[in-house]
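**Q** Got a predicted model here, sequence first, then my questions.
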Amino acid sequence: MGKSTRSSDATRADRGDQADIQAVSRVSQILSLFEPATPEMTAVEVAERLGLNRTTAYRYCTSLVAAGLLERNAEGSYVPGGLLLQLGAFAIGHRSVINLAPRHMRALARATQTTVVLSLWGLTGPVVSRVEENISAVVVVSVRVGSHLPLDSAQSKVFLAYHADQLSMERLMANLPGQAREELRADVERVRTVGHCSAMSTPGVVAVGAPVFDEYGICATIAIVGPDNTLSMADDTPELRVVVDTARALTQELGGHYRPDDLDRRAV
């Protein structure tokens, strides 16, 4: 009788642990829905995006409001809450690259007459964390801070090539359909070969990016963004050289090792 009771208690405890883990995962999914393109959402929209029934979605949103992770605006939609903003500001401010990058970004914007974008790795891809625009240019490409970049962007390919958790990177790529997956894998392998990436994930807009490393590995990407009629995707452009030099200088300031330099040493 005693053994049976202990077994039942252990089973209930395991179920409780699984339910807690599932709830945390669901909260993460809900919070990841918010981005510059969707700054607010209703419980109905949350339910539709995540495949939940409306009652469950409403219950989660209400609980997140109580926890300070979400707030409800006058229209009844949900927006990021005070605690989320506090944690986000702390997380970004705690990254040394955010504090050291602005000077390098301004110089890069002037030298290339383009918009400069610094991205950090988010949950499943790069997130634009700082933007420096060259307002003297005739055409200025604007990029919103907080934007989640797609996997076919130059910044994503650089992260996929150098991220320490290559198993997770492979899982991300495995979610793509066959041809797109193989093309992305080939592009990522090329990044490992040349140490940088140029891509046009948005029609008419070219991004040229390179990795930035701190003492632990890749911590950011720095990229210039401009119209395709003024910014080339070729490997021998002066703009690319300035991007790489900037990424290398920022890496050195962060105390990191600029891994693409190893390619040059192997070629000697």
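**A** That came through, no problem.
**Q** In the stretch 1-150 of the chain, mark out all the helices, start to finish.
**A** Ranges of helices in the stretch 1-150 of the chain, per DSSP state H, counting those that start in this stretch, are 2-31, 43-50, 54-66, 82-93, 96-112.
**Q** Out of the ones you listed, point me to the one whose mean pLDDT is lowest.
**A** Note on the helices of the stretch 1-150 of the chain: lowest mean pLDDT is at helix 2-31, with a mean of 68.
**Q** Please name the residues that touch residue 190.
**A** With contact taken as Cβ atoms under 8 Å, 6 or more residues apart in numbering, residue 190 is in contact with residue 197. Glycine gets a C-beta too; all of them are placed from N, C-alpha and C.
**Q** where's it, which helix or strand?
**A** helix 178-194 (DSSP states H and E).
**Q** any weak-confidence spans in the stretch 51-200 of the chain?
**A** Along the stretch 51-200 of the chain, the model assigns pLDDT under 70 to residues 93-94.
**Q** Save the helices of the stretch 1-150 of the chain as TSV, and put in mean neighbour count and distance to residue 224 too.
**A** Below are the helices of the stretch 1-150 of the chain laid out as TSV (neighbours: other Cβ atoms under 10 Å; distance: least, Cβ to Cβ, whole Å):
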stretch	mean neighbour count	distance to residue 224
helix 2-31	11	31
helix 43-50	16	33
helix 54-66	16	38
helix 82-93	12	21
helix 96-112	18	5
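**Q** Reformat those helices as CSV; add distance to residue 227.
**A** Compiled in CSV, the helices of the stretch 1-150 of the chain are given as follows (distance: least, Cβ to Cβ, whole Å):
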stretch, distance to residue 227
helix 2-31, 34
helix 43-50, 33
helix 54-66, 40
helix 82-93, 29
helix 96-112, 13
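**Q** Buried ones in the helix holding residue 190, by neighbour count?
**A** Buried positions in helix 178-194, judged by neighbour count with 16 or more other Cβ atoms under 10 Å: 181, 184, 187-188, 191.
**Q** same check, this time on stretch 28-41
**A** Neighbour-count burial for stretch 28-41 [16+ other Cβ under 10 Å]: 29-30, 34, 40-41.
**Q** Contact partners for residue 81?
**A** 64-65, 67-71.
**Q** what's the closest of the buried residues of helix 178-194 to residue 210?
**A** residue 191 (9.5 Å; Cβ to Cβ).
**Q** Skip the chain neighbours and tell me the closest residue to that closest one.
**A** residue 161 (3.9 Å; Cβ to Cβ, 6 or more residues apart in numbering).
**Q** Tell me how far that neighbour lies from residue 108.
**A** 21 Å (Cβ to Cβ, to the nearest Å).
**Q** Same question for residue 196.
**A** 14 Å.
**Q** Between these two, which contacts overlap?
**A** Counting by Cβ under 8 Å, 6+ apart, the residues touching both residue 196 and residue 108 are residue 243.
**Q** hmm, which two among the contacts of residue 81 are most spread apart?
**A** It's 67 and 71 that sit farthest apart of the contacts of residue 81, by Cβ to Cβ, at 10.9 Å.
**Q** returning to what we had before: and which of the buried residues of stretch 28-41 is nearest residue 141?
**A** For the buried residues of stretch 28-41, the nearest to residue 141 is residue 34 (23.8 Å; Cβ to Cβ).
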